[in-house]
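Trainee: How does the following fold in three dimensions:
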Amino acid sequence: DILVDGKVCDCDAVVTCQVGDPVPLQVKLTNWSRHSVGPFALTMMPYQDYQNGVHNYDLQDAITFVGSNTFHIDTVKPTKDSVYFGALLFLYTGDFYLNIKFHEDNSSRELPLSWLCFPSVHIHATEPEA
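Mentor: Numbering: from 1, shown residues only. A predicted model of the protein is given here:
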């Protein structure tokens, strides 16, 4: 489950936030298998989609994380949850997306897509209200 600014994200949702306000993020991983899983890491990477097949991940001047964008996960026991909190701070207006990946800890090798059930996260940053 992914919550952005307290709202559950699904594939059709667009979360609207204001530039300059921290946007809380919560990612809850549930282990539905019969075995413990881990260790691995969860990484959140914001990007802009130019709608022509190009994704811009070079956003250090537009978005910053409050805290870390990578969380190390030791073990998640069967039927248990592991919840991770962070926040994004948007410095400019625009439409942004959040790419959430799991990979082996201490490696960049991604885990199989069958492990992931995350929806696309679309965030629209607007001018602050006067």
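Trainee: pLDDT at residue 50, what is it?
Mentor: On the pLDDT scale, residue 50 is placed at 84.
Trainee: Could you pull up the contacting residues of the nearest residue to it once chain neighbours are set aside?
Mentor: Distances taken as C-beta to C-beta, 6 or more residues apart in numbering put residue 56 closest to residue 50, at 6.6 Å, once the chain neighbours are dropped. For glycine as for every other residue, the C-beta is placed from the backbone atoms N, C-alpha and C. Applying C-beta atoms under 8 Å, 6 or more residues apart in numbering to residue 56 gives the contacts 47, 48, 50.
Trainee: at 10 Å what do you get?
Mentor: 46, 47, 48, 49, 50, 62, 96 (C-beta atoms under 10 Å, 6 or more residues apart in numbering).
Trainee: For the closest residue to residue 77 other than its chain neighbours, grab the count of nearby residues.
Mentor: Nearest residue to residue 77 in three dimensions, chain neighbours excluded: residue 36, at 5.1 Å (C-beta to C-beta, 6+ apart). The local packing of residue 36 (other C-beta atoms under 10 Å) involves 12 other residues.
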